[in-house]
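Visitor: Give me a 3D structure for the following:
(one chain, ligands or ions: 1)
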Amino acid sequence: TTRIKTNSQHHLTIGGVDALQLADTYQTPLVVYDVDAIREQIHQFQQAFAEQHVNYVISYASKALAITAIYQVLAQEQVHVDVVSGGELYTAMQAHFPMKWVSFHGNNKSMAELEMALQQHVGVIIVDNFYELQLLQKLASKYPQPTAVMLRINPGITAHTHEYDQTGQEDSKFGFDWSSGQATRAAEAVLQTQSLKLVGIHAHIGSQILETQGFKLLAQKLGAVMKTWEQELHYRADILNFGGGFGIQYTKSDQVIAPRQFVQTLVQTLRDTLNTSDLPMPTIWIEPGRALVGPAGYNLYTIGARKDIPGYLPYVSVDGGMGDNLRPALYQAQYEAVLARAPQAPIQEKVRLSGRYCESGDILISQLDLPATKPGDVLAMLDTGAYGYSMASNYNRVPRPAVVFAEQGRAQEVVRRESFADLTHLDQSYNLN
Ligand code: LLP
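Guide: Next up is the predicted model:
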């Protein structure tokens, strides 16, 4: 566990702050981000592109964590964002995030959402299907400037990842199908619409991908699409957007792939593909979500009940679970966790780390190696920063945790813990008379 940082008391630290102190100050369950680590990960991607000498845009996929504070940090780091709902767009607006750096995704954007995006002058709308194209044609004609769009195409590539995380195979709800000619028809339609400007081509093959082969195929495919449209439609794309999906290391058995490797694969494959036809390199976009915030996040829990069953692993329960991190229950996602007061102490037993929710499937880690623990001990689950808090719920009417950003030894609460009053805030009394 080289990712673990400790202080002179051998306690776990996050962004230079003692995890025990964080748990004490803000209570548990608590979501903590090491903001230094987020920035570092961004810099890795930026540097990887700089080494390749290409024009690029890094556009963070908001869905991984969409809170005001993250948009503030991203703006500071010159990172663009994609949003997939009016709610994410609204949050970016609240953070005063530059709207020209926003792209709008989604397979069923509503008229109201599209209208909101146009009114806010978001940088680009990534059109997913013919229905949306019709809505947009209607709306965009009301604006003096043409609306920038990219077309999301379905490249017909099956990523090696969990089935729920695959999006690029032909049988998918996302994007214009390439093989049947849908995508080319969509491009023609956009090119014939005065109020729309086709700036590029987008595809996304899936999430938590831990190999480069899928990205190689994708770069070849989008390069080929660019060539085809140049020849058949006399249209040259300025931007190729390769989506996100860059996997991170959750457990020791996940093989790490550095940002540099992903970027190199994309750029070099595209270069080779375009070289044969004298096409200039377009601007390259990527949309990492998990890779930017995942490794920086920690969920802190307090240990409570324990159940020993002869012949089975003991159940060690914590004060959070599927309400603050649904991924283990939903995707059988694997994580590691450490004891905050002694993350490097020798292992003494194997336990099942269970959540507090009233559901058998609420197991956070099915086999976890731990030193001896006692009730009241703080556990830190690692790499929870992506799709953890953003998928949190109030199941069992458990308030959602607070979120803290820690950086350079200083911590700040950026989302307050929900109160019981928050839970009934939207309820209205039913009139029984
Ligand atoms: N771009 C598009 C168009 C996407 O649909 C996604 C993710 C991304 C970028 C960012 O992918 P990332 O770099 O984070 O892998 N809730 C699931 C992940 C769903 C991802 C959906 N789309 C999970 O927790 O594993």
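
Visitor: what ranges do the helices span in the stretch 201-350 of the chain?
Guide: 213-233, 259-275, 290-293, 327-331 (DSSP state H, counting those that start in this stretch).

Visitor: As a markdown table, those with mean neighbour count, mean pLDDT and distance to the ligand would be great.
Guide: Bear in mind the C-beta positions are built from the backbone N, C-alpha and C, glycine included. Output for the helices of the stretch 201-350 of the chain, formatted as a markdown table (neighbours: other CB atoms under 10 Å; pLDDT from 0 to 100; distance: least, CB to the nearest ligand atom, whole Å):
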| stretch | mean neighbour count | mean pLDDT | distance to the ligand |
| --- | --- | --- | --- |
| helix 213-233 | 19 | 96 | 12 |
| helix 259-275 | 19 | 96 | 10 |
| helix 290-293 | 28 | 98 | 4 |
| helix 327-331 | 18 | 98 | 5 |
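
Visitor: Turn the ones you listed into JSON lines, columns for distance to residue 189.
Guide: As requested, those are arranged in JSON lines below (distance: least, CB to CB, whole Å):
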{"stretch": "helix 213-233", "distance to residue 189": "11"}
{"stretch": "helix 259-275", "distance to residue 189": "25"}
{"stretch": "helix 290-293", "distance to residue 189": "33"}
{"stretch": "helix 327-331", "distance to residue 189": "37"}
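
Visitor: which stretch among these comes nearest residue 410?
Guide: helix 290-293 (18.9 Å; CB to CB).

Visitor: In the stretch 51-200 of the chain, which residue sits closest to the ligand?
Guide: In the stretch 51-200 of the chain, the residue that lies nearest the ligand is residue 61 (3.4 Å; CB to the nearest ligand atom).

Visitor: wait, what's in contact with the nearest residue to that residue once chain neighbours are set aside?
Guide: With sequence-adjacent residues excluded and distances taken as CB to CB, 6 or more residues apart in numbering, residue 61 is closest to residue 289, at 3.1 Å. Applying CB atoms under 8 Å, 6 or more residues apart in numbering, we find residue 289 in contact with 60, 61, 62, 63, 64, 65, 207, 244, 386, 387.

Visitor: which residues touch stretch 263-280?
Guide: Stretch 263-280 has contacts (CB under 8 Å, 6+ apart) with 45, 48-49, 52, 54, 212, 215-216, 218-220, 222-224, 226-227, 230, 236, 240, 242, 281, 284, 286.

Visitor: Would you double-check that residue 112 falls in a helix?
Guide: Yes: remark: residue 112 belongs to a helix, assigned using DSSP: H, G, I helix; E, B strand; the rest coil.

Visitor: so how many other residues sit close to the closest residue in space to it that isn't next to it in sequence?
Guide: The shortest distance from residue 112 to any non-neighbouring residue, by CB to CB, 6+ apart, is to residue 86 (6.8 Å). Counted with other CB atoms under 10 Å, residues neighbouring residue 86 total 18.

Visitor: Please apply the same query to residue 394.
Guide: Residue 394, neighbours per other CB under 10 Å, totals 12.

Visitor: can you check the one 10 residues further on too?
Guide: Residue 404 sits with 24 neighbouring residues when counted by other CB under 10 Å.

Visitor: Show the contacting residues for the residue nearest to it when sequence neighbours are not counted.
Guide: The shortest distance from residue 404 to any non-neighbouring residue, by CB to CB, 6+ apart, is to residue 32 (4.8 Å). If you count contacts by CB under 8 Å, 6+ apart, residue 32 has them with 14-15, 19, 22, 297-300, 403-406, 411.

Visitor: Sketch out the low-pLDDT regions of the stretch 51-200 of the chain for me.
Guide: Applying pLDDT under 70 to the stretch 51-200 of the chain flags residues 159-168.

Visitor: helix or strand for residue 73, which one?
Guide: helix 68-76 (DSSP states H and E).

Visitor: ok, is that helix in contact with the ligand or not?
Guide: No: figure legend: helix 68-76 not in contact with the ligand (CB under 6 Å from any ligand atom); closest approach 13.1 Å.

Visitor: Run through the neighbouring helices and strands of the helix or strand following that helix.
Guide: Using DSSP H and E, the helix or strand that directly follows helix 68-76 along the chain is strand 80-83. Secondary structure elements in contact with strand 80-83, counted by 3 or more CB pairs under 8 Å, 6 or more residues apart in numbering; DSSP states H and E, are strand 56-61, helix 68-76, helix 86-94, strand 102-104.

Visitor: domains in the protein, as residue ranges please.
Guide: Using automatic domain parsing, the domains assigned to the chain come out as 13-33+296-424, 54-291.

Visitor: The shortest one: end-to-end distance?
Guide: Start to finish, the residues bounding domain 13-33+296-424 are 35 Å apart (CA to CA, to the nearest Å).

Visitor: please begin residue numbering at 12 from this point
Guide: Fine by me, first position is 12 from now on; the one you just mentioned is domain 24-44+307-435.

Visitor: phi, psi of residue 132?
Guide: Per-residue torsions, residue 132: phi 60, psi 50 (degrees, to the nearest 10).

Visitor: contacting residues for the closest residue to it other than its chain neighbours?
Guide: Using CB to CB, 6+ apart and skipping the chain neighbours, the partner closest in space to residue 132 is residue 110 (5.4 Å). For residue 110, the contacting residues are 103, 104, 131, 132, 133, 134, by CB under 8 Å, 6+ apart.

Visitor: residues contacting residue 133?
Guide: Each residue near residue 133 by CB under 8 Å, 6+ apart is listed here: 94, 100, 110, 111, 113, 114, 115.

Visitor: Quick check, pLDDT for the residue nearest to residue 415.
Guide: Per-residue pLDDT puts residue 43 at 98.

Visitor: Of all the helices and strands packed on strand 91-94, which one is nearest residue 409?
Guide: Comparison of these against residue 409 by CB to CB identifies helix 97-105 as nearest, at 21.5 Å.

Visitor: Alright, I will stop here.
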